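**Student:** pasting the structure only:
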């Protein structure tokens, strides 16, 4: 596999993610960028924390392992 | 906006010197490799991008790498969860309330208990203060960072000394004032407002003077601090991996390594060690080299384009960006101008400094003059 291609692939996807675009690659899945507002979270220990906001990449795919059974 | 496969291919063609057919072929190969590796029960890692694997339910998953996550969430870089005191509703833990301080007095059965409670309060207050300092602080607890905060404490201590000097002088002044007006009590009332104004002016002048003296001291204190920062990088493995990555970019950087998910961590470590052995000269070279590679001031070093930079301006036109960049570089900064596409519009970002890690970039924000020290964000330098 070509190094230049991989490099460009990473660069293009990164740019699209930063611009909040979702990228759908047929035969693989869809990358989505989701924004999370800051929110309170309670741990089991009773500790309450304020989580900072974040932008996160999420990947969804309908490809499933085929040789499981 | 949604990018489908066709659009992606177009973007890739733009980015590379390849023909469309070639790009399509490569993309298919990549997808095949990902799925193939996943089917063999392995995870496929694309360095500085992420890992593809099948989870326990047999679904294809992708975990973004730390670099990718950081870059996408660049607006919130360095933010950390803040612990909230359960009894408080406010988002930010404040200092101890006055009410709380009164409580022990009412409920003190013996002096001993009161003392311990007081001590506890003190501890708690200190802890609260630490926490407040920590809010959305920097995640990396580097040694140099600790050192820096020590330095900050030292300078605070220095401040206190100055405060004391100030207070003494103030006291003297007040004594003089007190002596002066006694013989003319009638005049005192008339001119008391005037005296206060003069006193206030004197105080301001005094403060300004102290401020300049302190600044001079601050610069002198800065130098050893800087040296410490630049010395520090060599032993940290993180740094090494960045340096070696760059040198071995074509061989290692983009190589895809199928690994067992559990062994990933170990593999990464051993790989780093391997690289260390391969290139001893990079590691044994001390801070001198480091200083010229990364930094806020000076001229641009192309080898340092694998790191982070502090963005100060964003323009719609390249011309304006170049003008501002020229002005900044006259002031001695390392200035980078780069174009990005934000919400479909091209923007020109003017950024200063080249830093190896986010933490280093964040530390250098404090060195920027106002308003840059508050109006900025850090982005990753893109070298192609």
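**Tutor:** Thanks, I have it. Computed from a prediction, not measured in an experiment: that's the story for all the values here.
**Student:** any idea which helix or strand comes after the host helix or strand of residue B:311?
**Tutor:** Element membership of residue B:311, judged by DSSP states H and E, is strand B:308-315. With elements assigned by DSSP H and E, the helix or strand that comes after strand B:308-315 is helix B:318-330.
**Student:** show me what counts as buried in that following helix.
**Tutor:** B:321, B:324-325, B:328-329 (16 or more other CB atoms under 10 Å in any protein chain shown). Every residue, glycine included, has its C-beta placed from N, CA and C.
**Student:** quick one: the helices in chain A?
**Tutor:** Assigned by DSSP state H, the helices in chain A fall at A:3-18.
**Student:** which stretches of chain A have low pLDDT?
**Tutor:** Counting by pLDDT under 70, chain A has low-confidence residues at A:1, A:66-69.
**Student:** can you give me the strands in it?
**Tutor:** A:22-25, A:29-36, A:39-42, A:48-51, A:54-60 (DSSP state E).
**Student:** comparing the ones you listed, which comes out most buried?
**Tutor:** strand A:22-25 (a mean of 20; mean count of other CB atoms under 10 Å in any protein chain shown).
**Student:** partner strands of it, parallel or antiparallel?
**Tutor:** strand A:29-36 (antiparallel), strand B:2-3 (parallel) (DSSP bridges).
**Student:** tell me the bridge partners for residue B:315.
**Tutor:** residue B:348.
**Student:** which residues touch it?
**Tutor:** B:321, B:324, B:347-350 (CB atoms under 8 Å, 6 or more residues apart in numbering or on different chains).
**Student:** try residue A:61
**Tutor:** Contacts of residue A:61 (CB under 8 Å, 6+ apart): A:28-30, B:59-62.
**Student:** if any of these are buried, put those into a PyMOL selection.
**Tutor:** The PyMOL selection below is limited to those of the contacts of residue A:61 classed as buried (16+ other CB under 10 Å):
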select buried, (chain A and resi 28+29+30) or (chain B and resi 60+61+62)
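**Student:** in a markdown table: the contacts of residue A:61, plus distance to residue B:14.
**Tutor:** A markdown table is the format used below for the contacts of residue A:61 (distance: CB to CB, whole Å):
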| residue | distance to residue B:14 |
| --- | --- |
| A:28 | 21 |
| A:29 | 23 |
| A:30 | 22 |
| B:59 | 32 |
| B:60 | 28 |
| B:61 | 29 |
| B:62 | 24 |
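**Student:** out of the contacts of residue A:61, the closest to residue B:342 would be?
**Tutor:** residue A:30 (21.8 Å; CB to CB).
**Student:** I'd say residue A:12 and residue B:15 touch.
**Tutor:** Yes. When contacts are counted by CB atoms under 8 Å, residue A:12 is listed as touching residue B:15 (5.6 Å).
**Student:** for those two, work out which one has more neighbours and name it.
**Tutor:** residue A:12 (21 against 18; other CB atoms under 10 Å in any protein chain shown).
**Student:** distance check, that one against residue A:34.
**Tutor:** Distance from residue A:12 to residue A:34, counting by CB to CB, to the nearest Å: 20 Å.
**Student:** and for residue A:52?
**Tutor:** 15 Å.
**Student:** please apply the same query to residue A:40.
**Tutor:** In terms of CB to CB, residue A:40 sits 19 Å off from residue A:34.
**Student:** which residues does residue 64 contact?
**Tutor:** Reading this off chain A. B:54, B:58-60.
**Student:** that's the other chain; I wanted chain B
**Tutor:** By CB under 8 Å, 6+ apart, the neighbours of residue B:64 are A:56-57, B:49-50, B:72.
**Student:** with that, I have no additional questions.
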